[in-house]
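A.B. asks: Curious how this folds, go ahead:
(chains A and B)
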Amino acid sequence: MSDVAVLEVEGLEKRYKNFSLRVSFHLAPGEVLGVVGPNGAGKTTMIHCLLRIVRPDRGRVRFFGLDLDQHEVAIKQRVGFFLEEAPLFRQMRASDVLKFFASFYPSWDWNLAEKMLQQFELDVTKEVSELSKGMRAKLGLVTALSHQPELVILDEPTAGLDPGMRREFVHLVRTALRDFHPAILLTSHIMADVEDLADRVAFLQGGKIALLESKTRLLQSWRRIRTRCRDLPWLDPGDWVAVEHDQANGELQLVTNRWNIALLDQLREAGLKDLEVFTLSLEEIYSYVIHPRGRTSATLSNNAHRWRGLAGGK
Amino acid sequence: MILDGEALEVIIKHYVLYDHQCRRSILVFVAVSGLATLVLALLVVFGKLPALFLFTISTGFSFGASFVMPIVLAFVIQREKSEGSFRALRALPISSETLFLGTVLAGVIASILAFLPLYVIATIVLTLRGGDVAHLQIGVGWATLLISFLSASFTLTLALCVNSPTVLSYLTAGFLALAMWSGILVQKLRPVLENRLEKLFYFMLSLEGQILATVILIMLSVMILYVGSRIFSRKKSYV
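C.D. replies: Predicted structure coming up:
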(Lines give C-alpha, C1' and ligand atoms only; values in the text may rest on other atoms or scores of the structure.)
Protein backbone atom coordinates (compact mmCIF):
# COMPACT_ATOMS: atom_id res chain seq x y z
CA MET A 1 0.00 0.00 0.00
CA SER A 2 1.28 3.49 -0.85
CA ASP A 3 2.62 5.74 1.91
CA VAL A 4 1.00 8.80 0.37
CA ALA A 5 -1.95 10.01 2.40
CA VAL A 6 -5.24 9.42 0.62
CA LEU A 7 -6.53 12.74 1.88
CA GLU A 8 -4.75 15.72 3.41
CA VAL A 9 -6.78 18.66 4.61
CA GLU A 10 -4.88 21.70 5.84
CA GLY A 11 -6.63 24.71 7.30
CA LEU A 12 -9.86 24.14 5.38
CA GLU A 13 -12.05 27.14 6.11
CA LYS A 14 -15.57 28.02 5.15
CA ARG A 15 -17.33 30.99 6.67
CA TYR A 16 -21.05 31.67 6.73
CA LYS A 17 -22.94 34.40 8.50
CA ASN A 18 -23.36 32.60 11.83
CA PHE A 19 -21.00 29.69 11.38
CA SER A 20 -17.44 29.00 10.43
CA LEU A 21 -15.69 25.73 9.67
CA ARG A 22 -11.96 25.28 10.19
CA VAL A 23 -10.51 21.79 10.07
CA SER A 24 -7.24 20.00 9.38
CA PHE A 25 -6.76 16.24 9.23
CA HIS A 26 -5.36 13.49 7.08
CA LEU A 27 -6.47 10.02 6.07
CA ALA A 28 -4.10 7.13 5.43
CA PRO A 29 -4.69 4.44 2.78
CA GLY A 30 -7.17 1.83 3.96
CA GLU A 31 -8.05 3.80 7.07
CA VAL A 32 -11.58 4.58 8.22
CA LEU A 33 -12.04 8.00 9.80
CA GLY A 34 -15.36 8.61 11.46
CA VAL A 35 -16.38 12.23 12.00
CA VAL A 36 -19.11 12.65 14.58
CA GLY A 37 -20.87 15.78 15.62
CA PRO A 38 -24.27 17.19 16.42
CA ASN A 39 -26.51 18.72 13.77
CA GLY A 40 -24.98 21.95 12.57
CA ALA A 41 -21.45 20.99 13.58
CA GLY A 42 -20.21 21.32 9.99
CA LYS A 43 -19.96 17.70 8.85
CA THR A 44 -21.85 18.16 5.59
CA THR A 45 -20.20 21.53 4.93
CA MET A 46 -16.84 19.80 5.24
CA ILE A 47 -17.86 17.07 2.78
CA HIS A 48 -19.25 19.65 0.35
CA CYS A 49 -15.94 21.54 0.49
CA LEU A 50 -14.00 18.35 -0.24
CA LEU A 51 -16.19 17.51 -3.23
CA ARG A 52 -16.24 21.12 -4.40
CA ILE A 53 -20.00 21.33 -4.14
CA VAL A 54 -19.14 24.37 -2.08
CA ARG A 55 -15.94 26.36 -2.55
CA PRO A 56 -13.96 26.84 0.68
CA ASP A 57 -12.67 30.29 1.61
CA ARG A 58 -9.21 29.06 2.51
CA GLY A 59 -7.16 25.95 2.93
CA ARG A 60 -5.51 23.25 0.95
CA VAL A 61 -6.92 19.85 0.05
CA ARG A 62 -4.83 17.10 -1.49
CA PHE A 63 -6.10 13.69 -2.55
CA PHE A 64 -3.50 10.97 -3.25
CA GLY A 65 -0.83 13.67 -3.14
CA LEU A 66 -2.57 15.70 -5.85
CA ASP A 67 -3.96 19.19 -5.40
CA LEU A 68 -7.74 19.13 -5.71
CA ASP A 69 -8.03 22.40 -7.61
CA GLN A 70 -5.58 21.30 -10.28
CA HIS A 71 -6.53 17.66 -10.67
CA GLU A 72 -10.22 17.63 -9.79
CA VAL A 73 -11.45 15.21 -12.46
CA ALA A 74 -8.60 12.71 -12.10
CA ILE A 75 -9.02 12.72 -8.32
CA LYS A 76 -12.78 12.29 -8.38
CA GLN A 77 -12.45 9.25 -10.64
CA ARG A 78 -10.73 7.53 -7.71
CA VAL A 79 -13.25 8.70 -5.13
CA GLY A 80 -16.72 7.33 -4.42
CA PHE A 81 -19.26 9.44 -2.61
CA PHE A 82 -22.56 9.07 -0.84
CA LEU A 83 -24.28 12.36 -0.10
CA GLU A 84 -26.74 12.91 2.70
CA GLU A 85 -30.18 11.52 1.79
CA ALA A 86 -28.75 10.12 -1.46
CA PRO A 87 -30.10 12.81 -3.79
CA LEU A 88 -30.11 10.87 -7.03
CA PHE A 89 -32.01 12.20 -10.04
CA ARG A 90 -35.53 11.35 -9.01
CA GLN A 91 -36.89 11.50 -12.53
CA MET A 92 -34.55 8.82 -13.80
CA ARG A 93 -34.85 5.06 -13.58
CA ALA A 94 -32.38 3.41 -11.22
CA SER A 95 -30.80 1.56 -14.13
CA ASP A 96 -30.27 4.84 -15.98
CA VAL A 97 -28.73 6.40 -12.86
CA LEU A 98 -26.22 3.55 -12.72
CA LYS A 99 -25.40 3.88 -16.42
CA PHE A 100 -24.98 7.61 -15.94
CA PHE A 101 -22.56 7.17 -13.05
CA ALA A 102 -20.70 4.38 -14.84
CA SER A 103 -19.95 6.76 -17.73
CA PHE A 104 -17.67 8.84 -15.53
CA TYR A 105 -15.63 6.12 -13.86
CA PRO A 106 -13.18 4.18 -16.05
CA SER A 107 -12.86 1.52 -13.33
CA TRP A 108 -16.61 0.86 -13.03
CA ASP A 109 -17.24 -2.84 -12.41
CA TRP A 110 -20.68 -3.97 -13.60
CA ASN A 111 -20.20 -7.41 -12.01
CA LEU A 112 -19.75 -5.77 -8.62
CA ALA A 113 -22.71 -3.48 -9.22
CA GLU A 114 -24.92 -6.43 -10.22
CA LYS A 115 -23.81 -8.39 -7.17
CA MET A 116 -24.75 -5.52 -4.86
CA LEU A 117 -28.06 -4.97 -6.63
CA GLN A 118 -28.94 -8.64 -6.16
CA GLN A 119 -27.89 -8.55 -2.54
CA PHE A 120 -30.07 -5.50 -1.96
CA GLU A 121 -32.93 -6.85 -4.08
CA LEU A 122 -33.13 -3.48 -5.74
CA ASP A 123 -35.60 -3.09 -8.62
CA VAL A 124 -33.64 -1.03 -11.14
CA THR A 125 -36.60 -0.61 -13.47
CA LYS A 126 -38.24 1.77 -10.99
CA GLU A 127 -37.74 5.50 -11.04
CA VAL A 128 -35.68 6.82 -8.14
CA SER A 129 -38.74 8.75 -6.89
CA GLU A 130 -40.60 5.43 -6.54
CA LEU A 131 -37.92 3.89 -4.30
CA SER A 132 -38.20 3.98 -0.52
CA LYS A 133 -35.65 5.95 1.47
CA GLY A 134 -33.79 2.76 2.33
CA MET A 135 -33.70 1.61 -1.28
CA ARG A 136 -32.45 5.02 -2.41
CA ALA A 137 -29.68 4.76 0.17
CA LYS A 138 -28.76 1.34 -1.19
CA LEU A 139 -28.70 2.69 -4.73
CA GLY A 140 -26.47 5.49 -3.48
CA LEU A 141 -24.11 2.96 -1.97
CA VAL A 142 -23.97 0.98 -5.22
CA THR A 143 -23.02 4.15 -7.12
CA ALA A 144 -20.39 4.94 -4.47
CA LEU A 145 -18.69 1.54 -4.47
CA SER A 146 -19.09 -0.01 -7.93
CA HIS A 147 -15.94 1.56 -9.32
CA GLN A 148 -13.86 0.20 -6.40
CA PRO A 149 -12.65 3.63 -5.35
CA GLU A 150 -9.52 4.19 -3.29
CA LEU A 151 -11.44 6.60 -1.09
CA VAL A 152 -15.11 6.52 -0.21
CA ILE A 153 -16.80 9.57 1.30
CA LEU A 154 -20.02 8.75 3.14
CA ASP A 155 -22.04 11.67 4.48
CA GLU A 156 -24.63 10.55 7.03
CA PRO A 157 -25.22 7.29 5.12
CA THR A 158 -27.60 5.74 7.64
CA ALA A 159 -29.61 8.81 8.62
CA GLY A 160 -33.31 7.96 8.58
CA LEU A 161 -32.76 4.23 8.00
CA ASP A 162 -34.34 1.60 10.20
CA PRO A 163 -32.01 -0.60 12.31
CA GLY A 164 -32.23 -3.51 9.84
CA MET A 165 -31.20 -1.32 6.92
CA ARG A 166 -28.43 0.22 8.98
CA ARG A 167 -27.00 -3.20 9.74
CA GLU A 168 -27.12 -4.12 6.05
CA PHE A 169 -25.40 -0.90 5.18
CA VAL A 170 -22.62 -1.42 7.70
CA HIS A 171 -22.21 -5.00 6.52
CA LEU A 172 -21.80 -3.86 2.91
CA VAL A 173 -19.23 -1.24 3.86
CA ARG A 174 -17.31 -3.89 5.79
CA THR A 175 -17.42 -6.17 2.73
CA ALA A 176 -16.02 -3.37 0.59
CA LEU A 177 -13.25 -2.81 3.14
CA ARG A 178 -12.38 -6.47 3.00
CA ASP A 179 -12.55 -6.76 -0.80
CA PHE A 180 -10.75 -3.67 -2.07
CA HIS A 181 -9.49 -1.84 1.05
CA PRO A 182 -10.65 1.69 0.37
CA ALA A 183 -10.01 4.48 2.82
CA ILE A 184 -13.31 5.76 4.17
CA LEU A 185 -14.31 9.17 5.44
CA LEU A 186 -17.58 8.72 7.25
CA THR A 187 -19.62 11.46 8.85
CA SER A 188 -22.51 10.69 11.11
CA HIS A 189 -24.41 11.78 14.15
CA ILE A 190 -25.10 8.09 14.89
CA MET A 191 -22.26 6.91 17.09
CA ALA A 192 -23.01 3.23 16.56
CA ASP A 193 -22.04 3.44 12.88
CA VAL A 194 -18.75 5.11 13.68
CA GLU A 195 -18.05 2.69 16.50
CA ASP A 196 -18.60 -0.26 14.17
CA LEU A 197 -16.43 0.94 11.32
CA ALA A 198 -13.91 3.60 12.31
CA ASP A 199 -10.19 3.21 13.01
CA ARG A 200 -9.92 6.84 14.04
CA VAL A 201 -12.57 9.16 15.33
CA ALA A 202 -12.94 12.93 15.10
CA PHE A 203 -15.45 14.86 17.18
CA LEU A 204 -16.62 17.93 15.35
CA GLN A 205 -18.27 20.76 17.21
CA GLY A 206 -19.04 24.29 16.09
CA GLY A 207 -16.96 23.84 12.95
CA LYS A 208 -13.81 22.76 14.80
CA ILE A 209 -12.35 19.35 15.54
CA ALA A 210 -12.57 18.98 19.32
CA LEU A 211 -10.77 15.65 19.35
CA LEU A 212 -9.06 13.44 16.79
CA GLU A 213 -7.80 10.12 18.03
CA SER A 214 -7.57 6.45 17.25
CA LYS A 215 -10.68 4.62 18.40
CA THR A 216 -8.64 1.96 20.20
CA ARG A 217 -6.59 4.54 22.06
CA LEU A 218 -9.71 6.46 23.03
CA LEU A 219 -11.36 3.37 24.41
CA GLN A 220 -8.17 2.44 26.25
CA SER A 221 -7.53 5.83 27.80
CA TRP A 222 -11.01 6.71 29.08
CA ARG A 223 -12.39 5.10 32.24
CA ARG A 224 -15.06 5.72 34.83
CA ILE A 225 -14.25 4.83 38.42
CA ARG A 226 -17.03 4.40 40.94
CA THR A 227 -16.74 4.31 44.67
CA ARG A 228 -18.39 5.64 47.78
CA CYS A 229 -17.30 8.30 50.17
CA ARG A 230 -18.91 10.78 52.50
CA ASP A 231 -16.45 13.57 51.96
CA LEU A 232 -14.78 14.31 48.68
CA PRO A 233 -11.00 13.83 49.02
CA TRP A 234 -8.42 15.98 47.32
CA LEU A 235 -7.92 14.98 43.68
CA ASP A 236 -5.51 16.33 41.08
CA PRO A 237 -7.80 18.16 38.62
CA GLY A 238 -5.42 17.38 35.76
CA ASP A 239 -6.28 13.67 35.98
CA TRP A 240 -10.07 13.95 35.81
CA VAL A 241 -12.45 15.05 33.10
CA ALA A 242 -15.47 14.84 35.38
CA VAL A 243 -16.22 14.36 39.03
CA GLU A 244 -19.76 13.51 40.13
CA HIS A 245 -20.42 13.21 43.83
CA ASP A 246 -23.89 12.44 45.11
CA GLN A 247 -23.74 13.66 48.67
CA ALA A 248 -27.07 12.05 49.51
CA ASN A 249 -25.96 8.45 48.99
CA GLY A 250 -22.20 9.06 48.92
CA GLU A 251 -21.66 7.71 45.39
CA LEU A 252 -18.62 9.17 43.68
CA GLN A 253 -17.96 8.78 39.95
CA LEU A 254 -14.71 9.91 38.44
CA VAL A 255 -14.02 10.05 34.71
CA THR A 256 -10.52 10.19 33.32
CA ASN A 257 -9.05 10.36 29.82
CA ARG A 258 -5.57 9.41 31.07
CA TRP A 259 -6.26 5.99 32.40
CA ASN A 260 -3.42 4.03 33.93
CA ILE A 261 -3.33 1.68 36.87
CA ALA A 262 -1.38 4.15 38.97
CA LEU A 263 -4.51 6.28 39.26
CA LEU A 264 -6.10 3.58 41.38
CA ASP A 265 -3.12 3.71 43.76
CA GLN A 266 -3.54 7.48 44.00
CA LEU A 267 -7.21 7.09 44.85
CA ARG A 268 -6.46 4.50 47.50
CA GLU A 269 -3.81 6.79 49.00
CA ALA A 270 -6.47 9.49 49.07
CA GLY A 271 -8.55 7.17 51.24
CA LEU A 272 -10.99 5.80 48.71
CA LYS A 273 -11.88 2.11 48.81
CA ASP A 274 -13.89 -0.44 46.84
CA LEU A 275 -13.00 1.11 43.52
CA GLU A 276 -14.94 -0.16 40.51
CA VAL A 277 -13.52 0.58 37.08
CA PHE A 278 -15.70 0.78 33.98
CA THR A 279 -14.84 1.27 30.35
CA LEU A 280 -16.70 4.00 28.49
CA SER A 281 -18.42 3.65 25.16
CA LEU A 282 -17.58 6.07 22.36
CA GLU A 283 -20.95 7.68 22.91
CA GLU A 284 -20.15 8.44 26.52
CA ILE A 285 -16.71 9.75 25.62
CA TYR A 286 -18.33 11.92 22.97
CA SER A 287 -20.73 13.43 25.46
CA TYR A 288 -17.88 14.30 27.83
CA VAL A 289 -15.88 15.92 25.04
CA ILE A 290 -18.70 17.76 23.30
CA HIS A 291 -20.63 18.78 26.41
CA PRO A 292 -17.98 19.13 29.11
CA ARG A 293 -19.77 21.95 30.87
CA GLY A 294 -22.98 20.00 30.91
CA ARG A 295 -21.33 17.15 32.72
CA THR A 296 -18.91 18.78 35.04
CA SER A 297 -20.33 22.19 35.79
CA ALA A 298 -23.46 20.69 37.30
CA THR A 299 -21.36 18.46 39.50
CA LEU A 300 -18.85 21.17 40.18
CA SER A 301 -21.57 23.63 41.07
CA ASN A 302 -22.95 21.13 43.55
CA ASN A 303 -19.55 20.60 45.04
CA ALA A 304 -17.84 23.77 43.98
CA HIS A 305 -16.95 24.86 47.46
CA ARG A 306 -15.59 21.46 48.23
CA TRP A 307 -13.67 21.13 44.94
CA ARG A 308 -12.09 24.53 45.07
CA GLY A 309 -11.41 24.26 48.73
CA LEU A 310 -9.76 20.90 48.39
CA ALA A 311 -7.72 21.88 45.34
CA GLY A 312 -6.63 25.07 47.04
CA GLY A 313 -5.86 23.21 50.20
CA LYS A 314 -3.30 20.88 48.64
CA MET B 1 -10.84 25.37 -19.99
CA ILE B 2 -10.89 21.63 -19.44
CA LEU B 3 -13.38 19.87 -21.70
CA ASP B 4 -14.03 16.15 -21.96
CA GLY B 5 -15.83 15.06 -25.13
CA GLU B 6 -17.20 11.84 -23.69
CA ALA B 7 -18.45 13.56 -20.57
CA LEU B 8 -20.12 16.24 -22.75
CA GLU B 9 -22.00 13.52 -24.59
CA VAL B 10 -23.09 11.90 -21.31
CA ILE B 11 -24.37 15.21 -19.93
CA ILE B 12 -26.32 15.92 -23.10
CA LYS B 13 -27.91 12.46 -23.03
CA HIS B 14 -28.64 12.84 -19.32
CA TYR B 15 -30.89 15.82 -19.98
CA VAL B 16 -32.27 15.15 -23.43
CA LEU B 17 -32.85 11.39 -23.21
CA TYR B 18 -33.01 10.36 -19.57
CA ASP B 19 -34.68 13.27 -17.81
CA HIS B 20 -38.43 12.70 -17.95
CA GLN B 21 -39.42 16.32 -17.82
CA CYS B 22 -37.16 17.35 -20.69
CA ARG B 23 -37.96 14.29 -22.79
CA ARG B 24 -41.69 14.69 -22.27
CA SER B 25 -41.53 18.39 -23.18
CA ILE B 26 -39.72 17.61 -26.42
CA LEU B 27 -42.21 14.89 -27.31
CA VAL B 28 -45.24 17.07 -26.51
CA PHE B 29 -43.83 19.96 -28.52
CA VAL B 30 -43.03 17.68 -31.45
CA ALA B 31 -46.49 16.13 -31.28
CA VAL B 32 -48.39 19.42 -31.10
CA SER B 33 -46.30 21.41 -33.56
CA GLY B 34 -45.75 18.47 -35.87
CA LEU B 35 -49.44 17.67 -36.05
CA ALA B 36 -50.40 21.29 -36.58
CA THR B 37 -47.77 21.67 -39.30
CA LEU B 38 -48.85 18.44 -40.95
CA VAL B 39 -52.48 19.55 -41.07
CA LEU B 40 -51.51 22.93 -42.49
CA ALA B 41 -49.18 21.26 -44.98
CA LEU B 42 -51.99 19.05 -46.22
CA LEU B 43 -54.24 22.07 -46.59
CA VAL B 44 -51.53 23.84 -48.57
CA VAL B 45 -50.99 20.76 -50.75
CA PHE B 46 -54.71 20.66 -51.56
CA GLY B 47 -54.71 24.37 -52.23
CA LYS B 48 -56.93 25.30 -49.32
CA LEU B 49 -54.33 27.56 -47.73
CA PRO B 50 -51.59 29.77 -49.14
CA ALA B 51 -47.98 28.60 -48.68
CA LEU B 52 -47.18 31.81 -46.85
CA PHE B 53 -49.53 30.76 -44.06
CA LEU B 54 -47.70 27.46 -43.57
CA PHE B 55 -44.39 29.29 -43.68
CA THR B 56 -45.48 31.80 -41.02
CA ILE B 57 -46.85 29.20 -38.63
CA SER B 58 -43.91 26.82 -39.00
CA THR B 59 -41.49 29.72 -38.51
CA GLY B 60 -43.34 30.69 -35.35
CA PHE B 61 -43.14 27.13 -34.05
CA SER B 62 -39.44 26.89 -34.95
CA PHE B 63 -38.51 30.12 -33.20
CA GLY B 64 -40.76 29.09 -30.33
CA ALA B 65 -38.83 25.85 -29.91
CA SER B 66 -35.56 27.75 -29.74
CA PHE B 67 -36.85 29.77 -26.79
CA VAL B 68 -39.06 27.23 -25.04
CA MET B 69 -36.71 24.23 -24.85
CA PRO B 70 -33.88 26.07 -23.08
CA ILE B 71 -36.43 27.40 -20.59
CA VAL B 72 -37.72 23.86 -19.98
CA LEU B 73 -34.16 22.71 -19.39
CA ALA B 74 -33.55 25.65 -17.10
CA PHE B 75 -36.49 24.52 -14.96
CA VAL B 76 -35.01 21.01 -14.93
CA ILE B 77 -31.74 22.46 -13.60
CA GLN B 78 -33.55 24.40 -10.90
CA ARG B 79 -35.47 21.27 -9.96
CA GLU B 80 -32.22 19.33 -9.67
CA LYS B 81 -30.81 22.06 -7.45
CA SER B 82 -33.82 22.12 -5.16
CA GLU B 83 -34.08 18.32 -4.83
CA GLY B 84 -30.34 18.03 -4.25
CA SER B 85 -29.32 15.93 -7.24
CA PHE B 86 -27.29 18.81 -8.67
CA ARG B 87 -24.91 18.19 -5.76
CA ALA B 88 -24.33 14.70 -7.13
CA LEU B 89 -23.59 16.20 -10.57
CA ARG B 90 -21.03 18.51 -9.09
CA ALA B 91 -19.45 15.70 -7.05
CA LEU B 92 -18.98 13.51 -10.13
CA PRO B 93 -15.66 13.51 -12.05
CA ILE B 94 -16.72 16.26 -14.47
CA SER B 95 -15.02 19.60 -14.76
CA SER B 96 -17.28 22.58 -14.14
CA GLU B 97 -16.58 23.76 -17.71
CA THR B 98 -17.73 20.43 -19.17
CA LEU B 99 -20.85 20.44 -17.03
CA PHE B 100 -21.63 23.99 -18.09
CA LEU B 101 -21.08 23.49 -21.81
CA GLY B 102 -22.78 20.08 -21.81
CA THR B 103 -25.89 21.62 -20.29
CA VAL B 104 -25.97 24.46 -22.84
CA LEU B 105 -25.47 22.02 -25.72
CA ALA B 106 -28.28 19.90 -24.30
CA GLY B 107 -30.51 22.98 -24.55
CA VAL B 108 -29.49 23.53 -28.18
CA ILE B 109 -30.04 19.89 -29.08
CA ALA B 110 -33.41 19.84 -27.31
CA SER B 111 -34.46 22.84 -29.42
CA ILE B 112 -33.27 21.14 -32.61
CA LEU B 113 -35.09 17.93 -31.77
CA ALA B 114 -38.25 19.90 -31.02
CA PHE B 115 -38.34 21.92 -34.22
CA LEU B 116 -36.78 19.45 -36.69
CA PRO B 117 -39.87 17.34 -37.51
CA LEU B 118 -42.12 20.33 -38.19
CA TYR B 119 -39.35 22.04 -40.11
CA VAL B 120 -38.84 18.99 -42.33
CA ILE B 121 -42.58 18.75 -43.06
CA ALA B 122 -42.86 22.45 -43.86
CA THR B 123 -39.67 22.46 -45.96
CA ILE B 124 -40.78 19.52 -48.08
CA VAL B 125 -44.19 21.03 -48.83
CA LEU B 126 -42.87 24.55 -49.41
CA THR B 127 -40.10 23.24 -51.66
CA LEU B 128 -42.59 21.28 -53.72
CA ARG B 129 -44.76 24.38 -54.01
CA GLY B 130 -41.75 26.46 -54.99
CA GLY B 131 -41.64 30.21 -54.91
CA ASP B 132 -39.94 32.75 -52.66
CA VAL B 133 -41.02 31.16 -49.39
CA ALA B 134 -39.05 28.02 -50.26
CA HIS B 135 -35.83 30.07 -50.26
CA LEU B 136 -36.86 31.79 -47.08
CA GLN B 137 -37.48 28.44 -45.40
CA ILE B 138 -33.78 27.56 -45.62
CA GLY B 139 -32.91 30.85 -43.97
CA VAL B 140 -35.43 30.13 -41.22
CA GLY B 141 -33.75 26.83 -40.42
CA TRP B 142 -30.35 28.47 -40.09
CA ALA B 143 -31.81 31.37 -38.06
CA THR B 144 -33.52 28.91 -35.73
CA LEU B 145 -30.21 27.16 -35.10
CA LEU B 146 -28.48 30.43 -34.28
CA ILE B 147 -31.31 31.65 -32.07
CA SER B 148 -31.33 28.27 -30.28
CA PHE B 149 -27.64 28.68 -29.57
CA LEU B 150 -28.06 32.22 -28.27
CA SER B 151 -31.19 31.44 -26.30
CA ALA B 152 -29.68 28.31 -24.71
CA SER B 153 -26.47 30.18 -23.87
CA PHE B 154 -28.34 32.99 -22.15
CA THR B 155 -31.07 31.01 -20.43
CA LEU B 156 -28.91 28.17 -19.18
CA THR B 157 -26.12 30.48 -18.07
CA LEU B 158 -28.68 32.14 -15.83
CA ALA B 159 -30.07 28.82 -14.60
CA LEU B 160 -26.63 27.43 -13.80
CA CYS B 161 -25.09 30.53 -12.30
CA VAL B 162 -28.03 31.77 -10.25
CA ASN B 163 -29.36 29.60 -7.46
CA SER B 164 -32.65 31.39 -7.06
CA PRO B 165 -35.66 29.59 -8.58
CA THR B 166 -37.57 32.83 -9.15
CA VAL B 167 -35.08 34.05 -11.75
CA LEU B 168 -36.56 31.65 -14.29
CA SER B 169 -40.04 32.96 -13.75
CA TYR B 170 -38.73 36.46 -14.38
CA LEU B 171 -36.86 35.21 -17.43
CA THR B 172 -39.97 33.60 -18.90
CA ALA B 173 -41.99 36.70 -18.22
CA GLY B 174 -39.18 38.75 -19.77
CA PHE B 175 -39.20 36.73 -23.00
CA LEU B 176 -42.97 37.03 -23.30
CA ALA B 177 -42.80 40.76 -22.66
CA LEU B 178 -40.00 41.09 -25.21
CA ALA B 179 -42.03 39.29 -27.85
CA MET B 180 -45.07 41.43 -27.11
CA TRP B 181 -43.19 44.73 -27.05
CA SER B 182 -41.25 43.85 -30.21
CA GLY B 183 -44.50 43.38 -32.04
CA ILE B 184 -45.90 46.64 -30.68
CA LEU B 185 -42.67 48.51 -31.47
CA VAL B 186 -42.58 47.27 -35.04
CA GLN B 187 -46.19 48.32 -35.51
CA LYS B 188 -45.50 51.79 -34.11
CA LEU B 189 -42.26 52.29 -36.05
CA ARG B 190 -43.57 50.94 -39.31
CA PRO B 191 -45.16 54.13 -40.65
CA VAL B 192 -42.10 56.15 -39.72
CA LEU B 193 -39.39 53.77 -40.82
CA GLU B 194 -41.20 51.79 -43.46
CA ASN B 195 -38.56 52.32 -46.14
CA ARG B 196 -35.69 51.69 -43.80
CA LEU B 197 -37.32 48.62 -42.33
CA GLU B 198 -37.92 47.30 -45.82
CA LYS B 199 -34.27 47.91 -46.73
CA LEU B 200 -33.16 46.21 -43.51
CA PHE B 201 -35.45 43.27 -44.23
CA TYR B 202 -34.06 42.79 -47.72
CA PHE B 203 -30.52 43.25 -46.42
CA MET B 204 -31.07 40.51 -43.83
CA LEU B 205 -32.32 38.22 -46.57
CA SER B 206 -29.20 38.85 -48.66
CA LEU B 207 -26.06 36.78 -48.30
CA GLU B 208 -24.15 39.65 -46.69
CA GLY B 209 -26.93 40.23 -44.23
CA GLN B 210 -27.13 36.59 -43.24
CA ILE B 211 -23.39 36.37 -42.79
CA LEU B 212 -23.42 39.50 -40.63
CA ALA B 213 -26.33 38.22 -38.54
CA THR B 214 -24.61 34.83 -38.16
CA VAL B 215 -21.36 36.41 -36.99
CA ILE B 216 -23.15 38.69 -34.51
CA LEU B 217 -25.27 35.92 -33.05
CA ILE B 218 -22.39 33.48 -32.79
CA MET B 219 -20.10 36.08 -31.21
CA LEU B 220 -22.80 37.06 -28.74
CA SER B 221 -23.43 33.42 -27.83
CA VAL B 222 -19.73 32.64 -27.43
CA MET B 223 -19.27 35.73 -25.27
CA ILE B 224 -22.15 34.72 -23.02
CA LEU B 225 -20.79 31.18 -22.84
CA TYR B 226 -17.30 32.35 -21.96
CA VAL B 227 -18.44 34.72 -19.23
CA GLY B 228 -21.01 32.23 -17.97
CA SER B 229 -18.47 29.42 -17.83
CA ARG B 230 -16.05 31.60 -15.82
CA ILE B 231 -18.77 32.61 -13.40
CA PHE B 232 -19.99 29.02 -13.04
CA SER B 233 -16.54 27.55 -12.40
CA ARG B 234 -15.88 30.15 -9.70
CA LYS B 235 -19.20 29.90 -7.91
CA LYS B 236 -18.93 29.75 -4.14
CA SER B 237 -21.77 27.29 -3.88
CA TYR B 238 -23.56 25.04 -6.32
CA VAL B 239 -26.53 24.40 -4.06
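A.B. asks: longest helix of chain B?
C.D. replies: Assignment by DSSP state H gives helix B:166-205 as the longest helix of chain B.
A.B. asks: Compute the inter-axis angle for the helix or strand following it and helix B:166-205.
C.D. replies: Following helix B:166-205 in sequence order, the next helix or strand is helix B:207-233 (DSSP states H and E). Going by axes from the mean of the first three to the mean of the last three CA atoms, to 10 degrees, helix B:207-233 is angled at 160 degrees with respect to helix B:166-205.
A.B. asks: average pLDDT across helix B:207-233?
C.D. replies: For helix B:207-233, the mean per-residue pLDDT is 92.
A.B. asks: quick one, what contacts the closest residue to chain B within the stretch 51-200 of chain A?
C.D. replies: Nearest to chain B in the stretch 51-200 of chain A, going by CB to the nearest CB, is residue A:87, at a distance of 3.0 Å. Bear in mind the C-beta positions are built from the backbone N, C-alpha and C, glycine included. Contacts for residue A:87 (CB atoms under 8 Å, 6 or more residues apart in numbering or on different chains) come out as B:83-85, B:87-88.
A.B. asks: What strand or helix carries it?
C.D. replies: Counting by DSSP H and E, residue A:87 is found in no helix or strand.
A.B. asks: which one is it nearest to, not counting chain neighbours?
C.D. replies: residue B:84 (3.0 Å; CB to CB, 6 or more residues apart in numbering or on different chains).
A.B. asks: What's the separation between the one you found and residue B:71?
C.D. replies: For residue B:84, the distance to residue B:71 (CB to CB, to the nearest Å) stands at 22 Å.
A.B. asks: Pick out whichever of those two has more residues nearby.
C.D. replies: Ranked by neighbour count (other CB atoms under 10 Å in any protein chain shown), residue B:84 and residue B:71 place residue B:71 first, with 20 against 17.
A.B. asks: Can you tell me which residue is spatially central in chain B?
C.D. replies: With distances taken as CA atoms, centre = their mean, the residue of chain B nearest its centroid is residue B:66 (1.9 Å).
A.B. asks: looking at it, it is touching residue B:113, isn't it?
C.D. replies: No. Look at residue B:66 against residue B:113 with CB atoms under 8 Å: they stay out of range, at 11.6 Å.
A.B. asks: Now do the SS call for residue A:30.
C.D. replies: Here residue A:30 is coil, with the state taken from DSSP: H, G, I helix; E, B strand; the rest coil.
A.B. asks: swap in the one 5 residues further on?
C.D. replies: Look at residue A:35: counting by three-state DSSP, its state is strand.
A.B. asks: Quick one: residues contacting the residue of chain B found nearest chain A.
C.D. replies: Distance from chain A to each residue of chain B (CB to the nearest CB) is smallest for residue B:84, at 3.0 Å. Residues near residue B:84 by CB under 8 Å, 6+ apart: A:83, A:85, A:87, B:239.
A.B. asks: and stretch A:61-68, is it in reach of chain B?
C.D. replies: No. On the criterion CB under 8 Å from any CB of the partner chain, stretch A:61-68 is out of touch with chain B, staying 11.7 Å away.
A.B. asks: I would like the residues contacting that stretch, please.
C.D. replies: By CB under 8 Å, 6+ apart, the list of residues contacting stretch A:61-68 reads A:2, A:4-10, A:12, A:49-50, A:52, A:60, A:71, A:74-75, A:78-79, A:150-151.
A.B. asks: ok, now with 7 Å
C.D. replies: Residues outside stretch A:61-68 that contact it (CB atoms under 7 Å, 6 or more residues apart in numbering or on different chains) are A:4, A:6-9, A:12, A:50, A:52, A:74-75, A:78-79, A:150-151.
A.B. asks: Now a ChimeraX select for only the buried ones of those.
C.D. replies: To isolate the buried members of those in ChimeraX, using 16 or more other CB atoms under 10 Å in any protein chain shown:
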select /A:6,7,8,9,12,50,52,75,78,79,150,151
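A.B. asks: okay, who's weakest in the contacts of stretch A:61-68 by pLDDT?
C.D. replies: Within those, residue A:4 has the lowest pLDDT, namely 87.
A.B. asks: Skipping adjacent residues, who's closest to residue A:206 in space?
C.D. replies: residue A:41 (6.7 Å).
A.B. asks: Quick check: end-to-end length of stretch A:272-282?
C.D. replies: When the termini of stretch A:272-282 are compared using CA to CA, to the nearest Å, they are 27 Å apart.
A.B. asks: for residue B:58, what are its contacts?
C.D. replies: Contacts of residue B:58 (CB under 7 Å, 6+ apart): B:37, B:118-119, B:122.
A.B. asks: And for residue 113, the neighbour number?
C.D. replies: You didn't pick a chain, so chain A it is. 19.
A.B. asks: you looked at the wrong chain, it should be chain B
C.D. replies: If you count neighbours by other CB under 10 Å, residue B:113 ends up with 19.
A.B. asks: Which strands or helices does the helix or strand containing it pack on?
C.D. replies: Using DSSP H and E, residue B:113 falls within helix B:96-129. Packed against helix B:96-129 by the contact rule (3 or more CB pairs under 7 Å, 6 or more residues apart in numbering or on different chains; DSSP states H and E) you find helix B:5-13, helix B:20-45, helix B:51-83, helix B:132-161, helix B:207-233.
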